[in-house]
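S.K.: Show me how the following folds:
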Amino acid sequence: MSITHIVLFQFKAGTDTKVIKDTCDRMIGLKEDCVHPTSNKPYIKASSGGADNSIEGIQNGITHAFVVEFFSAEDRDYYVREDPRHKAFVQSLNGVIEKAQVIDFMNGVFDKL
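M.R.: Model prediction:
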């Protein structure tokens, strides 16, 4: 069963717009950059994201959102725990991100496993 991985960012105040664009492009680019060591192929099913444009006013500082879909929990686990491209991306966020939030779910599963 596929896993949806939602990532929310709040960039630090004063972060240059070019840095924000580069960071967002690299986040979306992980879909092609992350290659599984067994298959030697990209393993992220889909990736999308963008800047907040909600009119509700309850973003609590979050400015950008990303949705990454994995074919399986095993793929998500590899991405989070082992993938060197993902780890390098996370390290590159030091000094740029004020706050990050992540939540993962399986569609239609509403009880904790």
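S.K.: list the contacts for the closest residue in space to residue 68 that isn't next to it in sequence?
M.R.: Leaving aside its chain neighbours, residue 68 sits nearest to residue 5 (4.3 Å; criterion: CB to CB, 6 or more residues apart in numbering). Any C-beta I mention is one placed from the backbone N, CA and C, and that applies to glycine too. Taking CB atoms under 8 Å, 6 or more residues apart in numbering as the contact definition, residue 5 lies against 67-70, 76, 79, 102, 104.
S.K.: hmm, which of those residues are the buried ones?
M.R.: For the contacts of residue 5, burial is judged from neighbour counts taken by 16 or more other CB atoms under 10 Å, and it is met by 68-70, 76, 79.
S.K.: Out of the contacts of residue 5, list just those in helices.
M.R.: 76, 79 (DSSP state H).
S.K.: tell me which of the contacts of residue 5 is nearest to residue 89?
M.R.: residue 79 (10.4 Å; CB to CB).
S.K.: In contact with residue 41: list those residues for me.
M.R.: Applying CB under 8 Å, 6+ apart, we find residue 41 in contact with residue 35.
S.K.: please renumber so the chain begins at 355
M.R.: New numbering, starting at 355: the last item is residue 395.
S.K.: Packing partners of the helix or strand harbouring residue 385?
M.R.: Counting by DSSP states H and E, the secondary-structure element that holds residue 385 is helix 371-387. On a contact count with 3 or more CB pairs under 8 Å, 6 or more residues apart in numbering; DSSP states H and E, helix 371-387 meets strand 357-365, strand 398-405, strand 418-424, helix 438-446.
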